[in-house]
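[1] mind folding the following:
(one chain, ligands or ions: 1)
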Amino acid sequence: SPLPDYLTEVLSVCSKGAGATSDHIPELKNADPDRFAISLVTAEGVTYSVGDDETEFSIQSISKPFVYGLALEEQGFEKVLDRIGVEPSGEAFNEISLQRDTGRPLNPMINAGALTAHALVCDNATAESRVEAIRSLLSSMAGRELEVDDAIAASELNASFRNVAIANLLRNYQSFPDDPDDVVAGYVGQCSVKVNTVDLAMMAATLAGGGVQPRTGERIFSRSVVRQVLSVMATCGMYDAAGDWLSTVGIPAKSGISGGIIGVLPGQLGIAVYSPRLDEHGTSVRGVEAFERLSHDMNLHLMEAP
Ligand code: GLN
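    Below is the predicted model:
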C-alpha cells in the first residue's frame with residue numbers, strides 16, 4: 001500500500017551521519033547511531049511502521065508530558081498549575097531556570113518542571129512507587145508491559161549532578177516536600193522506561209484520541225488533561241527550538257535525548273520517530289528531518305487551513 005512505501009522512502013532520503021549520540025548519559029553513547037524508525041498510529045488504532053521499529057531505547061524526556069498528565073489527573077489543575085508554569089522558557093532542557101521570587105519552574109517540559117511533576121505523582125510515596133506508577137501508566141498507553149532499563153538508570157544516576165542541583169533548588173523553594181536525591185532517583189527511573197517507536201506512536205495516538213488508548217479502548221486521561229498536555233507540548237516540547245518547530249512542522253511534539261520524538265495530531269494521528277544522532281538541542285537530527293518531510297508531504301501542519 002502507498003503509505004508504507006512512502007514511509008520507507010522517507011527513511012531512505014533523510015540524511016545520514018549528521019550529529020552524535022548523547023554524551024549526557026554515558027550509557028546512551030553506546031546506542032547504534034544508524035538506527036532509524038518511523039511509526040504512525042491513527043486515533044482508531046491502525047498502525048503503519050517502518051525501519052528499526054523493534055529497537056528499544058529509554059524514553060527519556062518523552063515521559064515528561066505523560067507524567068505531567070498523571071500529576072494533573074491525581075492532584076488537579078489548581079495544585080499543579082500553582083507549582084509548575086506553562087510559559088515556554090526558550091532555554092535548554094536542563095537549564096537551571098526557576099521564576100524569580102517564587103522559584104516556580106516555567107513549564108513541565110524542562111527538567112525543573114519535570115522533576116516537580118514527578119514529585120507530585122503518588123503523594124509522599126517512595127521513588128520506587130512513583131516509578132512503578134509511571135511505568136504502569138506508560139504501559140497502559142503502549143498497550144503492553146514496559147520495563148525499566150536498570151543499566152541506563154544507573155548510568156544516568158551516577159552522572160546526575162545537574163539534576164540534583166536543580167532538585168535541591170526546588171526543594172529550597174518548597175516545590176516538593178521530598179528528599180531531592182529521592183526525587184532525582186525516581187525521575188531517572190521514569191526516564192529509563194524502555195520503548196520502541198510503535199509503543200511511542202500508541203502513546204501519542206492515545207493523546208490524539210483525547211485520552212483513550214486506541215486499541216484497548218481504555219480511558220487513560222480526561223479530555224481536559226489531554227488538552228493541557230498538548231498545549232504545553234506545542235509551546236514548550238522542543239525547548240529552545242519550540243518556535244522553529246511549531247512554524248516548520250506545526251505539530252505538538254516532545255523529544256528525548258535517546259533520539260525519539262513524538263508528535264500528536266488531535267483527533268487524527270500519533271507519530272513516533274527514532275534516530276539517536278542528536279543536534280545541539282539534544283533532539284534527533286533525522287527525527288526532525290523526518291517530521292519536516294511528513295508534515296510537508298502529508299499536509300499535517302496544524303496552522304494550515306484545510
Ligand atoms: N534524563 C534526561 C535528563 O533529565 C532527559 C533529558 C532529555 O531527554 N532531554 O537529563
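[2] for the spatially most central residue of the chain, list the residues it contacts.
    Nearest to the geometric centre of the chain sits I62, at 1.3 Å (CA atoms, centre = their mean). The neighbours of I62, taking CB atoms under 8 Å, 6 or more residues apart in numbering as the test, are V195, L200, M203, K254, S255, G256, G260, I261, I262. The C-beta positions use only the backbone N, C-alpha and C, and glycine is treated the same way.
[3] just the buried ones among those residues, please.
    V195, L200, M203, K254, S255, G256, G260, I261, I262 (16 or more other CB atoms under 10 Å).
[4] which non-adjacent residue is nearest the last one?
    Of all residues not flanking I262 in the chain, A204 sits nearest, at 4.4 Å (CB to CB, 6 or more residues apart in numbering).
[5] where does the one you found land in three-state SS?
    For A204, the assignment made with DSSP: H, G, I helix; E, B strand; the rest coil gives helix.
[6] correct me, but it touches G263?
    Yes. Contact status for A204 versus G263: in contact at 6.5 Å, counting by CB atoms under 8 Å.
[7] quick one: the strands in this protein?
    Remark: strands assigned in the chain by DSSP state E are 37-42, 47-51, 57-58, 194-195, 253-255, 260-265, 269-274.
[8] of the ones you listed, which is nearest the ligand?
    Among the strands of the chain, the nearest to the ligand by CB to the nearest ligand atom is strand 253-255 (6.6 Å).
[9] tell me which other helices or strands that closest one touches.
    With contacts taken as 3 or more CB pairs under 8 Å, 6 or more residues apart in numbering; DSSP states H and E, strand 253-255 sits against helix 223-236, strand 260-265.
[10] ok, residues contacting the first one?
    Put plainly, it is helix 223-236. Residues outside helix 223-236 that contact it (CB under 8 Å, 6+ apart): 65-66, 68-69, 72-73, 77, 86-89, 106-110, 207, 210-211, 221, 242, 246, 252-254, 264, 266.
[11] go on, the shortest one?
    Taking CB under 8 Å, 6+ apart as the criterion, the residues outside strand 260-265 that touch it are 57, 59-60, 62, 195, 197, 200-201, 203-204, 207-208, 230, 233, 249, 251-255, 270-274, 283-284, 287-288, 291, 300, 302.
[12] contacts only, for S39.
    Contacts of S39 by CB under 8 Å, 6+ apart are 47-50, 53, 196-198, 200-201, 271-273.
[13] distance to Q99 and pLDDT added to these, as TSV?
    Shown next, in TSV, are these (distance: CB to CB, whole Å; pLDDT from 0 to 100):
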residue	distance to Q99	pLDDT
T47	41	97
Y48	42	97
S49	41	97
V50	43	97
D53	40	97
N196	37	98
T197	36	98
V198	38	98
L200	31	98
A201	35	98
I271	33	98
A272	32	98
V273	33	98
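[14] can you get me a residue count around the nearest residue to E74 once chain neighbours are set aside?
    Nearest non-adjacent residue to E74, counting by CB to CB, 6+ apart: V121, 6.5 Å away. Number of residues near V121 (other CB atoms under 10 Å) recorded here: 22.
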